[in-house]
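[1] for reference, the sequence and a predicted model appear below.
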Amino acid sequence: MKAMPQALLQIRDLTCRYLPEKGKPVVALDDLSLSINCGEVVGILGESGSGKSSLAAAVMRLLPTSAECHGSVFFEEQDLLAMYEPGLRRVRGRSISLIPQDPASSLNPVVRVDTQISEVLRAHLRLDRGERKKRVLQLLQEVGFDDPERIASCYPHQLSGGQRQRIVIAQAIACRPALVIADEPTSKLDPPLQAQILTLMSEISRRHGTTLLWITHDPATLAGFADRIAVMHQGRIVEDGSTTMVLRRPVHSYTRKLVGLSHEFALDSSHAVDGVVHAN
């Protein structure tokens, strides 16, 4: 008998509101529920303002102080919303990591690449200086650099946008986290670089069994990459199913708008898994 997939992340009835000093509260997430299994690559698809980035921030507990959240976010059977800050610091970076949209804003321009990656290792793993240096070079090779020693000695401003994105990926996977959340990491890259990053992340997920939560507004980036797509609209999941089903036969009207019924996607079924589409 085939074993049932094990849920790594379970979001239940999550509602998040931003409470401005003046004006009415803004609902970012509205009674949202989502379950992600170990090793899955799940795409979160939606337009700007649909709540995608708020979802990522809520899982990481990185929402601003003006935000109010109710519900639960269970990661490895721990409710992240109920955890105190010391426990969260042990989880962030070690078990769950974030790849931001803009590496230029997340990397320190006056600190060398090797130091910035090494800081992640020093915060979470018991490695001596030599072990950290070796691990940094291994990570740089893993994300596609043929000359890791040179890259390690560079400052971010000396690197291209695609190279900086690979640096933040190296930071994100440094401690072999179980879950990596990627918040539109390829949106500022041209199509060839987008394809390279998607191939790289797919390889990392397969090699290490890493679970990916991939946030995007572009359906084309998920074809042949994600196992499953959850479509977000106005803070809710309106459709959830296998990549093949959602892109080829979308059920919800909002999904049809995003995908475009007349547009043909070159789907690679080797990465897709069977699933059921639910439309609200």
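    Ah, there it is.
[2] quick one: mean pLDDT over the longest helix along the chain.
    Ordering each helix of the chain by length in residues (DSSP state H) puts helix 191-208 first. Taken as a whole, helix 191-208 carries a mean pLDDT of 92.
[3] export that helix as PDB, just CAs?
    Backbone C-alpha positions of helix 191-208 (Å, rounded to 0.1, in the frame of the first residue of the first chain) are rendered in PDB as follows:
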ATOM      1  CA  PRO A 191      13.500  35.100 -19.500                       C
ATOM      2  CA  PRO A 192      16.800  33.200 -20.000                       C
ATOM      3  CA  LEU A 193      17.800  34.000 -16.400                       C
ATOM      4  CA  GLN A 194      14.400  33.100 -15.100                       C
ATOM      5  CA  ALA A 195      14.700  29.700 -16.800                       C
ATOM      6  CA  GLN A 196      18.100  29.200 -15.200                       C
ATOM      7  CA  ILE A 197      16.900  30.000 -11.700                       C
ATOM      8  CA  LEU A 198      13.800  27.700 -12.100                       C
ATOM      9  CA  THR A 199      16.100  24.800 -13.300                       C
ATOM     10  CA  LEU A 200      18.400  25.400 -10.400                       C
ATOM     11  CA  MET A 201      15.600  25.400  -7.800                       C
ATOM     12  CA  SER A 202      14.100  22.300  -9.300                       C
ATOM     13  CA  GLU A 203      17.400  20.500  -9.000                       C
ATOM     14  CA  ILE A 204      17.900  21.600  -5.400                       C
ATOM     15  CA  SER A 205      14.400  20.400  -4.500                       C
ATOM     16  CA  ARG A 206      14.900  17.000  -6.100                       C
ATOM     17  CA  ARG A 207      18.500  16.600  -4.700                       C
ATOM     18  CA  HIS A 208      17.600  17.500  -1.100                       C
END
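[4] what's the first helix or strand after that helix?
    Towards the C-terminus, the helix or strand next in line after helix 191-208, according to DSSP states H and E, is strand 211-216.
[5] that next one to helix 191-208, inter-axis angle?
    With axes from the mean of the first three to the mean of the last three Cα atoms, to 10 degrees applied, the angle from strand 211-216 to helix 191-208 works out at 160 degrees.
[6] ranges for the helices of the stretch 101-250 of the chain?
    For the stretch 101-250 of the chain, the helices defined by DSSP state H, counting those that start in this stretch occupy 103-106, 113-124, 129-142, 148-152, 161-173, 191-208, 243-248.
[7] where along this protein do the strands fall?
    7-18, 26-37, 41-45, 67-75, 78-79, 96-99, 179-183, 211-216, 228-233, 236-242, 278-279 (DSSP state E).
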